[in-house]
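Generate a structure from the sequence data that follows.
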Amino acid sequence: DFILCKEQDDPTVHISGLFIGQANPDPSLAPFLIPTNPIRWTLSILTNSSSTSSQSPQILGCGYFEDSGDVSNHPLLFYSLSSSSIKLISSSPLSYSFQISKIYESHPETLGYQVSYDAILTQSTQDPNEYFMTGKWDNPKGFSFGSFFARSLMTSSNRVTSRLSLCENCNQ
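Here you go, the predicted structure:
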């Protein structure tokens, strides 16, 4: 057994966690049968801009599609998420605006695809550890766009416990 101790969350420094939601195509695109895509992002949003240089990403993250039909023989399609600017809108409740760029892993089929998300992140008034993200997305190369939403899934515990098995045969 091993124990990991997670850094205490401090929204004045960072907001990190799993964000779950969906990206909906604009209703005007209905004739093109563009699917609604799930959002399952791991994100760290660095809210203290003095802690990073202007060249450093202030938002880092990643995600994947597990039913991608876009790349042959690759049902899992990974992507990175980043942003280099974040703007405080309100301090009570906390609210930020930013643009996230989603870039897919390198395959000939994904070359040149970059999806942008214009987002507003707002702290819940019911639970200060919960955040909601809403906004618009745009995929210029895919000729598609729409709206999206996601909410954070934060754990209240700072301790993560797991079992590490180094040897399959002896379970040690």
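
ok, now which ones touch D118?
Contacts for D118 (CB atoms under 8 Å, 6 or more residues apart in numbering) come out as 97, 99, 135-138. The C-beta positions use only the backbone N, C-alpha and C, and glycine is treated the same way.

if we take those, which one ends up nearest to P128?
S97 (19.3 Å; CB to CB).

which residues does the residue positioned nearest the centre of the chain contact?
Centre of the chain computed as the mean C-alpha position; nearest residue by CA atoms, centre = their mean is W41, 3.2 Å away. For W41, the contacting residues are 18-19, 61-63, 81, 150, taking CB under 8 Å, 6+ apart as the criterion.

Looking at those, spot the one nearest P35.
Comparing those against P35 with CB to CB places G63 closest, at 15.8 Å.

List the single closest residue to the closest one in space, sequence neighbours excluded.
Using CB to CB, 6 or more residues apart in numbering and skipping the chain neighbours, the partner closest in space to G63 is W41 (4.6 Å).

Look up how far L81 lies from the one you found.
Separation of W41 from L81 (CB to CB, to the nearest Å): 6 Å.

shared neighbours of these two, which are they?
Shared contacts of W41 and L81, defined by CB under 8 Å, 6+ apart, are found at 61-63.

and L29, that's in a strand?
No. Checked against DSSP: H, G, I helix; E, B strand; the rest coil, L29 lies outside a strand; its state is helix.

Tell me who's in contact with it.
Neighbouring residues of L29 by CB under 8 Å, 6+ apart: 144-146.

do K87 as well
The neighbours of K87, taking CB under 8 Å, 6+ apart as the test, are 96-98.

Good, wrapping up.
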